[in-house]
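**Student:** okay, sequence plus prediction incoming.
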Amino acid sequence: MADKKHPTPMLDELEHGPWPSFVSGIKRLRDQHLDERVNGVANDLLGQLEHSYETRKGYWKGGTVSVYGYGGGIIPRFSEVGKQFPESKEFHTLRVQPPAGNHYSTDMLRQLADSWEKWGSGLVTFHGQTGNIMFIGATTENTQHFFDEINEYGFDLGGAGPCVRTAMSCVGSARCEQSCANEHKIHRKLVNNFTDDIHRPALPYKFKFKVSGCPNDCTNSIERADFAVIGTWRDAIKIDQDAFKEYVAVKGRQHVIDNIVTRCPSKCMSLRDDDSLEIDDRNCVKCMHCLNVVPKALSPGDDKGVTLLIGGKRTLKIGDLMGTVIIPFMKLETEEDYDRLVEIAEETIDFWADNGLEHERCGEMIERIGLVNFLEGIGVDVDPNMISHPRESSYVRMDGWDEEAEKWFKRKMEQRQAPASETV
Amino acid sequence: MAKKQMRQAIESGCPDGFQYMHPVMLKNFGQWKYHDHPRPGVLRHVGHSGDVVWTVKAGTQRILDVFTLRKLCDIGDRYADGHVRFTMRSNIEYMVADEAKVEPLINALETAGFVVGGTANSVAMISHTQGWLHCDIPGTDASGVVKAMMDELIDEFKNCNMPNRVHITTSCCQINCGGQGDIAINVQHTKPPKINHDLVANVCERPSVVARCPVAAIRPAQVNGKPSLEVDEKKCICCGACYPPCPPMQINDPEHSKLAIWVGGNHSNARSKPSFQKLVAGGVPNNPPRWPEATMIVKRILKVYKEDAKDWERINDWIDRIGWSRFFELTGLPFTKFHIDNWRGSRKSLNASTHIRF
């Protein structure tokens, strides 16, 4: 037991109410854990947090902590008020990569809990915003012990600092009928190709991969990933007309018109007089809305693949950016397909490492140099699916038009001659 | 003295998830046919094989102590075949193949104090950052704001009464980890950083701090005979970007660091293309321990959205239909000069038409 419990009148207010309380959880570590070290850490953590609540300021500062052989993966935290709260004065977070898809057996979770209470604070989050398991609160010395222990049974650190970061993928094919990809395989193929770039920060800034199995984009990859991989398909939506008619019979025609037909962004559907659904698939943009409304009747087509978007990020420095399309469609069936995906990622990171400024995200570099320069840098051809509309400004130099037009015609001819599986 | 032998790391990277996956999910991987939603907090997925898997989703405090983690594991062992997964928004999910296990599982979770819900058109768990508990640059707390707010929104989490799903996010600084949300509660500083000139030269790499400023308001200066930095306070947009690389440039202020509320961020491609959130309310006090002012505004927006939006409209879809003028009218929030963007590309946010709703 801690000798003297810090009073926490403000935090105590967060023990009321029906939602589970993290304050009660930290107090359990302070009051009920059998290890006095854990009791003391929890007590001083509560004390410092209460101090933050009183003064409305944070009291952690960064530093340099890593495990042997790595340069990142740990968020160092040293207390600025460590004299008052000595037991939690070193309170580093270990970012640990979760299994793809965030699946766990309870046995594995218990093993992680056992290791963590032995070396750390006993506080953990599944998962942080990047996607890591966040083991919150260990001393500099114990980060190494904890890492050694969990590394032996299959866990490795994620990224922190200017490096490739831990990736994230949705539940996808494991449980979702909308999935058009093997998110699990894409996730591990990509991120495990860059373990060196994860563990030894040497890039301009952070670089994130996220994988969503369909355009619902449950991992927020367009808004939050430098490299977004999103499953899609290019043939017709599969319609089970009997199931659709059943839905119309239950919900009524007006509901179907208001909630499905007129909500289609490319106006490509129509409710036939016999209550079956007609879709003009050439104009379907794969937005997912109708599939979300009637998953029992509508499914993605069979010709599945992925779309790649590059450059999503949040505010710092030039404002929020969304990722934009660089590969409208690619198949992911053979090992060669996956190798090509990894190759595009490598080309992207190499080009950005060479051309990005310090602390410049990939999307910011593209904003600065223009998409075309980036595409030329990674060896990808321009495509009208990369834009919302062509240039509006006439301030442009267009010498070399004929050569560029010729490239387009040549590419089109090659595509016509190639087997269907290779065309974009 | 012999050098201590250090253990070489095994650079195994991201672990294989298949080894931990529920067997029915493993067996039907990529072969799911459809799903339905028998009740809030429960999903039922049906495979082409005829196999069925039931998922029960529950909200937790997210910052888990090992006791709570083990309690979640006990429930998983007793009621859910020993497999779990976590969602993007830090909910826990239990999968069972047998319908008879669903009710006892829900009862076990609720008895233990967890909250079953968060599916379909509910208010999902608020995704949040680290805040005062662990971040080095936070203007506010994260877990506390979320706990206080989820206490008030719990019925909307447990039920599915919204026109479409609502994702709420929080962020403890202006520049970093918080995501886009249907509603976002983010720190908004209103005063330039206060500089501790005695420390700058020792702590900060001055050129990188100068380079970090989005509006080039920082320049090197000699202050009291020491190399330091100065800020053009007229230019400064108070974003706090200089604070992480240079802690002596203190941006957080107990009074002047406020909260701002943003709406209409939507990551999905469903219906409209993904959208960024837009500012709707500023000057909200950063008021621990329960942040009542922020919660009140969020509840007001949710109430109007619930009453006025049509089925399947996310908040951005709804505002696209009714227009911003009506949004401010319905919510009673003040429209100010600060709502009009003046950042890069802001002209495209102005109304260059006579499309006006009267």
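**Tutor:** It's in.
**Student:** remind me which residues of the chain are low pLDDT?
**Tutor:** Going with chain A. A:1-3, A:420-424 (pLDDT under 70).
**Student:** looking at chain B here, not the other one
**Tutor:** Per-residue confidence of chain B (counting by pLDDT under 70) places the weak regions at B:1-3.
**Student:** what residue in the stretch 51-200 of chain B comes nearest to chain A?
**Tutor:** Shortest the stretch 51-200 of chain B-to-chain A distance, computed as C-beta to the nearest C-beta: residue-wise this is B:Asp151, at 3.2 Å. C-betas here are computed from N, CA, C, even on glycine.
**Student:** list the contacts of that residue.
**Tutor:** When contacts are counted by C-beta atoms under 8 Å, 6 or more residues apart in numbering or on different chains, B:Asp151 touches A:16-19.
**Student:** can we see that at 7 Å?
**Tutor:** Shown in contact with B:Asp151 (C-beta atoms under 7 Å, 6 or more residues apart in numbering or on different chains): A:17-19.
**Student:** is it in a helix, a strand, or coil?
**Tutor:** Each residue gets one of three states, and B:Asp151 gets helix by DSSP: H, G, I helix; E, B strand; the rest coil.
**Student:** what's the closest non-adjacent residue to it?
**Tutor:** In space, and not counting its chain neighbours, B:Asp151 is closest to A:Gly17: 3.2 Å by C-beta to C-beta, 6 or more residues apart in numbering or on different chains.
**Student:** same question for B:Asn159.
**Tutor:** Sequence neighbours aside, B:Pro40 is the residue nearest to B:Asn159 in space, at 5.5 Å (criterion: C-beta to C-beta, 6+ apart).
**Student:** now the one you found: how far from B:Ile319?
**Tutor:** Counting by C-beta to C-beta, to the nearest Å, the separation of B:Pro40 from B:Ile319 is 25 Å.
**Student:** with B:Glu110 instead?
**Tutor:** In this structure, B:Glu110 lies at 35 Å from B:Ile319, with C-beta to C-beta as the measure.
**Student:** who's in contact with the spatially closest residue to A:Glu117 that is not a sequence neighbour?
**Tutor:** Beyond its immediate neighbours in the sequence, the residue positioned closest to A:Glu117 (C-beta to C-beta, 6+ apart) is B:Val66, lying 4.9 Å away. Under the criterion of C-beta under 7 Å, 6+ apart, the neighbours of B:Val66 are A:113, A:116-117, A:122.
**Student:** mind giving me the PyMOL command for buried ones among the residues you listed?
**Tutor:** Filtering the contacts of B:Val66 down to the buried ones (16 or more other C-beta atoms under 10 Å in any protein chain shown) takes a single PyMOL command:
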select buried, chain A and resi 113+116+117+122
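**Student:** and which of the contacts of B:Val66 is nearest A:Ile318?
**Tutor:** Within those, proximity to A:Ile318 (C-beta to C-beta) peaks at A:Trp116, which comes in at 38.6 Å.
**Student:** how about the secondary structure of that closest one?
**Tutor:** What three-state DSSP gives for A:Trp116 is helix.
**Student:** how about it: what's its closest non-neighbour residue?
**Tutor:** Looking at A:Trp116 with C-beta to C-beta, 6+ apart, the closest residue is A:Phe135, at 5.6 Å.
**Student:** ok so that neighbour is a strand residue?
**Tutor:** Yes. Counting by three-state DSSP, A:Phe135 is located in a strand.
**Student:** wait, B:Cys73 touches A:Arg110, no?
**Tutor:** Yes. Checked against C-beta atoms under 7 Å, the pair B:Cys73 and A:Arg110 is within contact range at 5.5 Å.
**Student:** and B:Glu135, how many residues sit next to it?
**Tutor:** In this structure residue B:135 is Cys, not Glu. 24 (other C-beta atoms under 10 Å in any protein chain shown).
**Student:** and A:Asp381, by the same measure?
**Tutor:** The criterion is other C-beta under 10 Å. On that basis, A:Asp381 has 11 neighbouring residues.
**Student:** and stretch B:146-162, C-alpha only, in CSV?
**Tutor:** Once non-C-alpha atoms are left out, stretch B:146-162 reads as follows in CSV (Å, rounded to 0.1, in the frame of the first residue of the first chain):
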residue,chain,number,x,y,z
VAL,B,146,-14.7,11.4,-22.7
LYS,B,147,-15.8,9.8,-19.4
ALA,B,148,-17.8,12.9,-18.5
MET,B,149,-19.4,13.1,-22.0
MET,B,150,-20.2,9.4,-22.3
ASP,B,151,-21.9,9.5,-19.0
GLU,B,152,-24.3,12.0,-20.6
LEU,B,153,-24.5,10.2,-24.0
ILE,B,154,-24.8,6.6,-22.7
ASP,B,155,-28.4,6.2,-23.8
GLU,B,156,-27.4,7.2,-27.3
PHE,B,157,-24.6,4.6,-27.2
LYS,B,158,-27.0,1.9,-25.9
ASN,B,159,-29.7,2.6,-28.4
CYS,B,160,-29.9,3.2,-32.1
ASN,B,161,-32.0,6.3,-32.4
MET,B,162,-29.9,8.6,-34.5
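**Student:** can you list the buried residues in that stretch?
**Tutor:** Residues of stretch B:146-162 classed as buried by neighbour count (16+ other C-beta under 10 Å): B:146-154, B:156-158, B:160, B:162.
**Student:** which residues sit in contact with the closest residue to A:Gly101 other than its chain neighbours?
**Tutor:** By the measure of C-beta to C-beta, 6+ apart, the closest residue to A:Gly101 outside its immediate chain neighbours is B:Gly17, 4.1 Å from it. Under the criterion of C-beta under 7 Å, 6+ apart, the contact list for B:Gly17 reads A:99-101, A:103, A:184.
**Student:** which of those residues tops the neighbour count?
**Tutor:** When the contacts of B:Gly17 are compared by neighbour count (other C-beta under 10 Å), A:Ala100 ends up highest, at 30 neighbours.
**Student:** which is the succeeding secondary structure element to the strand or helix carrying A:Ile344?
**Tutor:** Assignment of secondary structure by DSSP states H and E places A:Ile344 within helix A:335-355. The helix or strand immediately downstream of helix A:335-355 is helix A:362-369, counting by DSSP H and E.
**Student:** got the contact list for that following helix?
**Tutor:** Contacts made with helix A:362-369 from outside it, assessed by C-beta under 7 Å, 6+ apart, are listed as A:207, A:226, A:310-313, A:317-318, A:321, A:323, A:348, A:352, A:355-356, A:374.
**Student:** let me see the contact set for the spatially closest residue to A:Arg282 that is not a sequence neighbour.
**Tutor:** Spatially, and ignoring its direct neighbours in sequence, A:Arg282 is nearest to A:Cys268 (7.9 Å; C-beta to C-beta, 6+ apart). Taking C-beta under 7 Å, 6+ apart as the definition of contact, the neighbours of A:Cys268 are A:279-280, A:283-284.
**Student:** many thanks, have a good one.
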